[in-house]
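Colleague: Fold the stuff below for me.
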Amino acid sequence: MSLLCAAAIASSASAQPAAQPAAVPQQRALSPEEAAALDRLLAAWETRNASVKTWSCGFYKWEYNAWSPADAGGERLAFSESTGEIKYATPDKGMFRVKDSKQWNGETKRYEPRVGEAGEHWVCNGTSIYEFRHSERQLRETKLPPEMRGKAISDGPLPFVFGAKSETLKKRYTMRLITPPGVNDQIWLEALPRFQSDAANFSKVELILQARDLMPFAMQIYKPGGQDRDVYQFDPKTNLIDKGLDMLRDFSRPMTPLGYTFILEDSQSPPEPPQRAAGLPALPRAG
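Modeller: Reported below is the predicted structural model:
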């Protein structure tokens, strides 16, 4: 099950029992000046997000894990590198798709295309989440509970990309600004999950916003229990123009591919563990 799908269902279920605090290291307390600067950023960011009605961009993704190669200096390199696209339409439509991917081959000592292996792909049309499970040759639909409709994207696992709201972010994460000294064209933000439902998917998120328009430039997601991480860099040529029929096509119920089985999941049942945690590429060095 996709990260978004599991998060949407978990959020609905947690409306009855209280959300459990996450057993993760917390940041040091912010000074009054740091807290005020964070509040100003989140307020400005929310205002900016409210003006974005449609958004599409390409991205680059790098995955780092225990099988990643190392360079001559011993620094870990990416295990795989991919390209893909993200699309969003307010308030609750989204699409994520990995298009091309290369993976490190330890025998040939080079990156090689993942032949015949399609990448992660999900679509949310506001009432259902559709996930392509290529390894199982399945297209799965999970209907969203009524209380999640209209907010499944912004309340999902990546509110940093889709419709971030100041109060929601502060409730779900402890955050601080980590912009390196001398960096003026970017704003760096660190977020740690407060609740177990988020901590099950990631232990920390680092996000880079473009200072000029507060749009995402890059994001790094650390996975639970180690140093494995996914890093995304977003194409700066972000498209904010409504594409009309193209947008309707992107967020409609997908066709079941030939040879695949369509499965309708029961959103009231406990979700299966995610097949993998969606993550972003390592943050580029400033400068």
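
Colleague: need the helices for the protein, in chain order.
Modeller: Along the chain, the segments classed as helices by DSSP state H run 3-13, 32-50, 166-172, 196-199, 245-251.

Colleague: Could you verify my assumption that residue 187 touches residue 41?
Modeller: Yes: between residue 187 and residue 41 there is a contact at 6.5 Å, judged by Cβ atoms under 8 Å. In this view, the C-beta of every residue, glycine as well, is placed from N, C-alpha and C.

Colleague: Overlap in contacts, those two.
Modeller: Counting by Cβ atoms under 8 Å, 6 or more residues apart in numbering, the shared contacts of residue 187 and residue 41 are residue 177.

Colleague: and residue 55, how many residues sit next to it?
Modeller: Neighbour count for residue 55, taken as other Cβ atoms under 10 Å: 22.

Colleague: Give me the spatial nearest neighbour of it, chain neighbours excluded.
Modeller: residue 88 (4.5 Å; Cβ to Cβ, 6 or more residues apart in numbering).

Colleague: Mind listing the residues bridging to the one you found?
Modeller: residue 55, residue 94 (DSSP bridges).

Colleague: State the distance from it to residue 264.
Modeller: 25 Å (Cβ to Cβ, to the nearest Å).

Colleague: Looking at those two, which one has more neighbours?
Modeller: For the pair residue 88 and residue 264, the greater number of neighbours falls to residue 88 (25 against 11), based on other Cβ under 10 Å.

Colleague: Quick check, the more buried one in contact with residue 54.
Modeller: Yes: counting by Cβ under 8 Å, residue 88 touches residue 54, with 6.8 Å between them.

Colleague: thought residue 34 was touching residue 176?
Modeller: Yes: between residue 34 and residue 176 there is a contact under Cβ under 8 Å: 6.5 Å.

Colleague: which of the two has more neighbours?
Modeller: Per other Cβ under 10 Å, whichever of residue 34 and residue 176 has more neighbours is residue 176, with 17 against 13.

Colleague: contacting residues around that one?
Modeller: Applying Cβ under 8 Å, 6+ apart, the residues near residue 176 are 27, 30, 34, 38, 189, 190.

Colleague: Which single one of the residues you listed is nearest to residue 227?
Modeller: For these, the minimum distance to residue 227 (Cβ to Cβ) is 15.6 Å, reached by residue 190.

Colleague: count of residues packed around the closest one?
Modeller: Neighbour number of residue 190 under other Cβ under 10 Å is 16.

Colleague: Quick check: it touching residue 219?
Modeller: No: the criterion here is Cβ under 8 Å, and residue 190 misses it with residue 219 at 11.2 Å.

Colleague: Now do the shared contacts for these two.
Modeller: Taking Cβ under 8 Å, 6+ apart as the criterion, residue 190 and residue 219 both touch 205, 206, 207.

Colleague: Can you tell me which of those lies closest to residue 76?
Modeller: Residue 76 has its nearest neighbour among these in residue 206, at 16.4 Å by Cβ to Cβ.

Colleague: Enumerate every residue touching the closest one.
Modeller: Taking Cβ under 8 Å, 6+ apart, one finds 178, 188, 189, 190, 191, 219, 220, 222, 283 in contact with residue 206.

Colleague: can you put those in CSV and add pLDDT and distance to residue 250?
Modeller: Supplementary listing: those in CSV, determined by pLDDT from 0 to 100; distance: Cβ to Cβ, whole Å:
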residue, pLDDT, distance to residue 250
178, 96, 34
188, 96, 31
189, 94, 28
190, 94, 32
191, 92, 28
219, 92, 21
220, 92, 26
222, 92, 30
283, 33, 28
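
Colleague: Just the buried subset of those residues, please.
Modeller: Buried members of the contacts of residue 206, counted by 16 or more other Cβ atoms under 10 Å: 188, 189, 190, 191, 219, 220, 222, 283.

Colleague: measure the first one to residue 141 for me?
Modeller: In this structure, residue 188 and residue 141 are 37 Å apart, going by Cβ to Cβ.

Colleague: What is the burial count for residue 200?
Modeller: Residue 200, neighbours per other Cβ under 10 Å, totals 18.

Colleague: burial measure for the spatially closest residue to it that is not a sequence neighbour, as a count.
Modeller: Residue nearest to residue 200 in three dimensions, not counting chain neighbours: residue 224, with 6.6 Å by Cβ to Cβ, 6+ apart. A total of 15 residues lie near residue 224 under the criterion other Cβ under 10 Å.

Colleague: check contacts around residue 224.
Modeller: Listed by Cβ under 8 Å, 6+ apart, the contact partners of residue 224 are 199, 200, 201, 202, 203.
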